[in-house]
Every structure is written in structure tokens, then in C-alpha cells.
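Peer 1: Predicted model follows, preceded by the sequence.
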Amino acid sequence: MYRRLNPRHRSLSVILGVITMASVGVLLVWDADPHIFPARAHDFLGAFPLAMIALAYLVYQAAHRPALTEVVKAILLAVAFLFWAANQLWPDLRQATLFNDIAIAFFVFDVFLVIVGWPATSPDEAFAETYAAPLEKRRS
């Protein structure tokens with residue numbers, strides 16, 4: 001089960017998240033005016049936020065100290081982001097398509113696990129869902 005963290009325990013993942021969001025901003029600046037960047041900058045600019053959010057998420061999960069099954073699921077998601085980052089960083093590499101396909105497989109598998117409710121320790125809020133008590137309980 002997830003634990004509420006105090007700000008000190010969450011700070012590293014928040015710092016990494018802020019760096020990640022700033023890098024997304026730089027990526028969008030590249031989209032607006034690619035001529036102000038060096039050639040092939042997009043490869044790095046596309047890969048960096050994907051790798052950073054994978055790291056930030058793992059740090060965030062480590063601070064929560066979730067059950068082993070939750071750790072496995074977090075690693076699965078982080079690895080998906082890292083394969084996607086590899087595809088962005090090395091688009092001309094022969095294995096780039098394979099990296100992309102592995103990322104797709106892991107993302108799809110992660111969402112499938114949410115749909116089937118694995119691990120059972122995951123709160124319903126784990127996939128942008130919020131809990132609402134059944135109507136009968138709200139009326140009581």
C-alpha cells in the first residue's frame with residue numbers, strides 16, 4: 001500500500017521531475033524553431049525526458065517502499081520508458097525498431113496489468129482513477 005510521504009522524502013523525485021519537465025520545454029522549443037539547435041539535437045532532446053522520467057519514477061517508488069510486486073511493475077514501466085528513450089537517441093541504429101517495439105510491448109503490458117488489477121495491492125488511483133464510494137454508502 002502507498003504511504004504518504006513528507007516533502008523531504010519526496011524531494012529528489014520532485015527535483016528530477018522538474019528537470020524532466022524543463023527538458024520537455026526545451027524539446028517543444030526545438031519543435032517551434034529547430035534551427036537554433038545543433039544538427040541531430042532532437043535525438044537527445046527526445047530521449048532525455050523519457051530517461052529522466054523513468055529515473056524520477058523509480059526514485060519516487062523507492063521512497064514509498066511499496067510491495068515487491070509494485071516494485072516489479074514500476075521497473076517494468078521504467079524499462080519501457082528507457083527503451084523508448086533508446087529508440088529516440090539512436091533512431092538510425094539497426095535495433096531502433098526493436099527498441100520501439102519492446103517499449104510498446106511493455107507499455108501495453110503495464111496498462112493490461114492495471115486493467116486486470118495486478119498487483120492486488122495497487123490502489124484504484126494507480127491509473128489516474130479516483131475512488132468513489134458506492135452510491136449506497138454515500139446515502140448512509
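Peer 2: Sure, I can see it. Every value quoted in this text rests on a predicted model; they were computed, and no experiment measured them.

Peer 1: tell me the contacts of the spatially closest residue to A85 that is not a sequence neighbour?
Peer 2: Spatial nearest neighbour of A85, excluding adjacent residues (C-beta to C-beta, 6 or more residues apart in numbering): L50 at 3.8 Å. Glycine gets a C-beta too; all of them are placed from N, C-alpha and C. By C-beta atoms under 8 Å, 6 or more residues apart in numbering, the contact list for L50 reads 81-82, 84-85, 88.

Peer 1: Then Q61?
Peer 2: Taking C-beta under 8 Å, 6+ apart as the test, what Q61 contacts is 70-71, 74.

Peer 1: Dump those residues to TSV, plus secondary structure and pLDDT.
Peer 2: Converted to TSV, these look like this (DSSP: H, G, I helix; E, B strand; the rest coil; pLDDT from 0 to 100):
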residue	secondary structure	pLDDT
E70	helix	93
V71	helix	93
A74	helix	95
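
Peer 1: which intervals of this structure have sub-threshold pLDDT?
Peer 2: Within the chain, the stretches with pLDDT under 70 are 1-6, 122-140.

Peer 1: now the helices for it?
Peer 2: With DSSP state H as the criterion, the chain has helices at 7-32, 41-64, 68-89, 96-116, 135-139.

Peer 1: Next one: I104 from F83, what distance?
Peer 2: 9 Å (C-beta to C-beta, to the nearest Å).

Peer 1: of the two, who's got more company?
Peer 2: F83 (22 against 14; other C-beta atoms under 10 Å).

Peer 1: Tell me which residues touch that one, please.
Peer 2: 99-100, 102-103, 106.

Peer 1: Quick check: of the residues you listed, which lies closest to R10?
Peer 2: Lowest distance from R10 to the contacts of F83 (C-beta to C-beta) belongs to F106, with 25.4 Å.

Peer 1: and the gap between the closest one and V26?
Peer 2: For F106, the distance to V26 (C-beta to C-beta) stands at 26 Å.
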